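Novice: Build me a structure from this.
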Amino acid sequence: MMKKYEIGLYEKAMRNTLSWSEKLGCAKECGYDYMEMCIDATDEKINRIFMNTAEKKEIMEAVFQAGLPIGSMSVSALTKYALGDPDEEIRKKAMQIAEKSIELAVDLGVRTVMIPGYDIYFGESTIETKKYFLENVKKIAEIAEREGILVGFETMENNFMNTTGKAVQYVNMVDSAYLKIYPDAGNITNAAVENQHDVCEDLSLGKGKLIALHLKETKPGIFREVPFLTGHVQFEKIINTAWSLGVRRYVTELWDVGKENWKEDICFANQSMRTQFLHGLHLAFFICGYHSWISGNGSPFFHSFTL
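Specialist: Numbering: from 1, shown residues only. Okay, here's the model as predicted:
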């Protein structure tokens, strides 16, 4: 039976020294459904956008060998090269990275490209940086439309776009069917705690505009490298809300920090998040079935589904 949802693995959770075959094989062994490729701010990762045909073929052969696709792409290089940077040369580089990443996604069969919700990362957000950001995001949406790729804003850790509601504002301004939102559960949790609002109410503001969800653990004021289930992210609650909003693709976001048991951490991330689905979604379906039964519209027998 076809799975009702998919969980992908963030590439940087694995050793950078691994080959594509080894990375995809590791993700498959740990029970993931796909891998999220990273185009980060290092020269090594940025140079991926200039891959030749032979290099792309090597990746696709690894995909078929492992039986695991590269389902999404994270273009975090747009932190160092920000779309709203006051420096025109940096903005040009940012647009080159964005366009070439989308084109690479097409060649590798990737359906979703995530871009960080920063107007500027190294510098102060101003009216000018917001203006440049919006102009370039409109161009990216046109490129995405041309290539048939969905682009999603990731909600980040700074005030510019740390909530789903803020991301919605820019999606509405661009008004493209190819520009959506890719929230980060940890980042929106930290924003909710800091600003004293309900994280799921914020997530619900993205109804009809959400394409996937990063599952990342955080603590107040700490946004990275927090082991799963040791922070304050209410995964079950957030997953239930995302599910009700139509989200069916999720990615565990964690980083290789040099630990000997890094692979165990990857497997645990997958297992612990699937447990959240089991707890939350079985309960949700049971409640729905119960209400249907007592209203006379259904059976007291509740159907299970594949997780």
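
Novice: Let me see the ranges of the helices in the protein.
Specialist: For the chain, the helices defined by DSSP state H cover 20-29, 43-46, 53-66, 88-108, 127-147, 164-174, 185-195, 199-204, 235-244, 262-294.

Novice: Distance to Pro220 and mean neighbour count added to those helices, as TSV?
Specialist: C-beta: built from backbone N, CA, C; applies to glycine. Below are the helices of the chain laid out as TSV (distance: least, C-beta to C-beta, whole Å; neighbours: other C-beta atoms under 10 Å):
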stretch	distance to Pro220	mean neighbour count
helix 20-29	30	19
helix 43-46	30	14
helix 53-66	38	14
helix 88-108	31	19
helix 127-147	27	17
helix 164-174	19	19
helix 185-195	5	22
helix 199-204	13	20
helix 235-244	16	20
helix 262-294	21	15
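
Novice: quick one: which of the ones you listed is nearest Leu210?
Specialist: For the helices of the chain, the distance to Leu210 is smallest for helix 235-244, at 6.9 Å, taking C-beta to C-beta.

Novice: low-confidence ranges in the stretch 201-307 of the chain?
Specialist: 280-307 (pLDDT under 70).

Novice: what bridges to the most centrally placed residue in the chain?
Specialist: The centroid of the chain falls nearest to His214 when counting by C-alpha atoms, centre = their mean (4.2 Å). Beta bridges link His214 to Asp184, Val251, judged by DSSP bridges.

Novice: who touches the closest residue to Ala66 other than its chain neighbours in this structure?
Specialist: Spatial nearest neighbour of Ala66, chain neighbours left out: Leu24 (3.7 Å); criterion: C-beta to C-beta, 6 or more residues apart in numbering. Residues counted as contacts of Leu24 (C-beta atoms under 8 Å, 6 or more residues apart in numbering) are 35, 62-63, 65-66, 68, 70.

Novice: try 7 Å
Specialist: Leu24 sits next to 35, 62-63, 66, 68 when contact means C-beta atoms under 7 Å, 6 or more residues apart in numbering.

Novice: Tell me which two of those residues sit farthest apart.
Specialist: Between any two of the contacts of Leu24 (C-beta to C-beta), the greatest distance is 10.2 Å, for Met35 and Ala62.
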